[in-house]
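[1] Dropping a prediction and its sequence here:
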Amino acid sequence: MNKSNKKNHINVKVKATSLTILLLTAFLMTALIGMQFVEEASAVEYTEYTGTLEGADWALRIPDLWNGMLVLCCRGYSHDPIVDVRTVGPFSGMSTTLLEQEFAVAASSYGVGGYCVPEGINATRQLTEYVIDNYNVSGKVFIIGASMGGGIALLLGEKYPELYSGVLDMFGSKDMNSQYETKVRWSSLNDTELTAELDALTAPSPPTGFPSLDVLRTFCNVSATDIETKLGGTPQDEPEAYEAASPVYNANISIPVITVHGTSDALVPYSQSVVYKEAVANASSSSLYRLHAVEGAEHGGPIMRDEALARFDDLVGWSNYLTGVYDWPMFGHDPQRTGYTESQAPNTNQTMWTSTFSGGAGTHPAVADDKLFIGAWDSRFYCFNAETGTQIWNYTIGGPIYQNSAFADGKIYVGSSSNNLYCWEATNGTLIWNYTMGDWAGAPAVIDGKVYAGSDDNNTYCLDAETGAKIWNYTTNGRVVSAPAVSDGRVYVSSVEDHNIYCLNATTGTKIWNYTTGDEAWSTSTVAYGKVYVGSNDYNIYCLNATTGTKIWNYTTGNIIYMCSPAIADGKVYAGSHDSNVYCFNASTGTKIWNYSTSGEVYGSPAIADGKVYSTSRIDGNIYCLNASTGAFIWSYLTDNPSLLYGGAVVANGVVYVVSGNTIYAIGGVYFISESLSVEVFLMLVTIIAAVSFSRFCKYPKLKKKHFKNK
């Protein structure tokens, strides 16, 4: 096994063995392997591993900042064996972006050339299991395949759903019978006949990448022969072999699958994906398949790569949605502080559990990795089991904790009145590092290996998330009590005494712009739609251009907007004010859509989930659930410490969590009883679900635990 540090793309020439194959290699490797692009150099550092498994060379790249998840890349057709799998797609064209997104990326050469679908399936599965067993994969595993590799990816997803969490198919071969018959027919057509068939596919004649129709005919003849060789004969000779190599004959998927296919693809016609979609529907699996058509696109190329990368983001989000991993890892849910989650959320105020602790707290909890984290006034930081409320660990520091915490990559971060920002192992509370500021340390945001936090010493700090080393700091003319919001390479903070909202370069800390409000600025910014939404003690909610800081609109409420920060979803902004109201505005225009009046100060920030708004009201002591579209009341829950209800609600994995004083409240749960469902039927359903879940766990105990836990 070789290990080396790489930072740039490696170009390797593939040796051709004949004049015909040389010609085909020169013009067709891009088209047929699918994603043969020269990558842009990346600043992302990673470790590269290479080796051989049962005759198949492989490569693996693991970024220094790794989210624990793995992507397997399945290459397309090549007549000759691949010399260096790192130089062919989709690995060559997509690995840089995937590494930047903190995924590890691996690919197998399959060990042979030709239409090697069976070999591709076996080699990729073996490599998947090898990497999982030897490289500490702790998150989900996805497959991306292009052309022939798209078909291999689909078959792997169909055969091994316990191993993979989702499939991205790029213009994959789905019916080997059709592929073979088309290639045999095209190899014997004259120019007029072949052009007519290409016209019917809305493809150019010759297709992009082929210098002439003669080269296309030669390719069809060679590849048809390769199909016969690998599958043991023609479809008439070996029907079972052709069906086994064709996803369309299986199509019984149980994990999410997205296909990206150009409508002018001549080599694998778009119609193959349409037929596959129909086959998936016939297998009653339509809810797990999405076909994304790219109008006018051919086979491969930068357009298809960019579309595929966009759809990969969709695939990961979809998988997370289906597997029910909806953590709330930091204040405002994410570094942009949107306050929005795709989690289900309870329609009733049924208590799941409550738990008391000695210190009391006035912040929003962080919920991640089945744990709930909260800092307390007794100078302790607590970790609880999010499902039961049982305390797991606590750590005593040198002063009370008044700030929200943030979870990332198995670590939990929080600032404190001891002037320190702490980083612990989330599992057991082992201290990793702490950084001392000049005054109280604020609530952190953790993203891209960096921790951003403000301080009462008037500074905003950027620290290395692994070591706590300072990267930069920026000094304002007031305390930075707000939690930083981070988006598109910029950091947004509010400064109390100088009344300003600042935008800083996330890499250097250089000021980009500032906007002055009419009073103290305590509220945390929310960033969405290219805009910044933030409150001020001058009674206003502001909408600013995120790039320039120019004011777009403001709305004046009846009192200060103190610690309550906006939340945003579906083109609407939600905010609370000390005038006792929860407001909903049009995010573009600032027009008020509705407001709901409570009986106390709306101090904590709202959470948006499942078409509902969850907000708290200090003094009246209630947690409110409102319809997000209309503001209509759905339910409320009275806490035991009304005057101490400073923190807002968070929603994670179907549960609403609120901390009031020394009590944590968990409301709802993953399963909810609808108005039309009897208790007896509900209990029966829960029993069935539990039985099915137990049987699946018994069947795949190791894999279920290891691969379906989103990091």
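    It's in. Numbers count the residues shown, from 1 in each chain.
[2] tell me which residues in stretch 156-170 are buried?
    156-158, 160-170 (16 or more other CB atoms under 10 Å). To be clear about C-beta, it is placed using only N, CA and C from the backbone, and glycine gets the same treatment.
[3] swap in stretch 395-413?
    Buried positions in stretch 395-413, judged by neighbour count with 16+ other CB under 10 Å: 395, 397, 400-409, 411-413.
[4] Lowest-confidence entry in those residues?
    Here the lowest pLDDT out of the buried residues of stretch 395-413 sits on D409, with 90.
[5] before we move on, back to that, so which pair among the buried residues of stretch 156-170 is furthest apart in space?
    E162 and M170 (23.7 Å; CB to CB).
[6] Looks like K470 contacts N459 (just checking).
    No: applying CB atoms under 8 Å as the test, K470 and N459 come out as separate, 10.1 Å apart.
[7] Who has more neighbours out of those two?
    More neighbours surround N459 than the other of K470 and N459, with 21 against 12 (other CB atoms under 10 Å).
[8] Looking at strand pairing, list the partners for V582.
    G576, Y596 (DSSP bridges).
[9] check contacts around it.
    574-576, 595-596, 598, 602, 606, 613, 615, 624, 626, 631 (CB atoms under 8 Å, 6 or more residues apart in numbering).
[10] at 10 Å instead, please
    By CB atoms under 10 Å, 6 or more residues apart in numbering, V582 lies in contact with 564, 574-576, 594-598, 602, 606, 613-617, 624, 626, 631.
[11] Please apply the same query to Y562.
    Applying CB under 10 Å, 6+ apart, the residues contacting Y562 are 520, 522-523, 535-537, 576-578, 601-603, 646.
[12] now do the same end-to-end measure for stretch 133-145.
    22 Å (CA to CA, to the nearest Å).
[13] Return the distance of that stretch from the chain's centre.
    15 Å (CA atoms, centre = their mean, to the nearest Å).
[14] and G157, helix, strand or coil?
    helix (DSSP: H, G, I helix; E, B strand; the rest coil).
[15] okay but W472 is in contact with K511, surely?
    No: if you go by CB atoms under 10 Å, W472 and K511 don't touch, sitting 11.5 Å apart.
[16] What residues does the residue lying farthest from the centre of the chain make contact with?
    Using CA atoms, centre = their mean, the residue of the chain lying farthest from its centre is N190. It sits 49.0 Å away. Shown in contact with N190 (CB under 10 Å, 6+ apart): A196, L213, R217.
[17] Would you format those as a markdown table with neighbour count included?
    Below are those laid out as a markdown table (neighbours: other CB atoms under 10 Å):
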| residue | neighbour count |
| --- | --- |
| A196 | 12 |
| L213 | 19 |
| R217 | 20 |
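[18] now the residues you listed as TSV including secondary structure?
    Converted to TSV, the contacts of N190 look like this (three-state DSSP):
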residue	secondary structure
A196	helix
L213	helix
R217	helix
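[19] got CSV for these, with distance to I227 too?
    Shown next, in CSV, are those (distance: CB to CB, whole Å):
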residue, distance to I227
A196, 24
L213, 21
R217, 16
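[20] ok, so of the buried residues of stretch 156-170, who is nearest P239?
    Distances from P239 to the buried residues of stretch 156-170, taken by CB to CB, are shortest for E158, at 18.7 Å.
[21] Relative to the helix or strand hosting Y555, what are the paired strands and their orientations?
    Per DSSP states H and E, Y555 falls inside strand 551-556. Using DSSP bridges, strand 551-556 pairs in its sheet with strand 540-545 (antiparallel).
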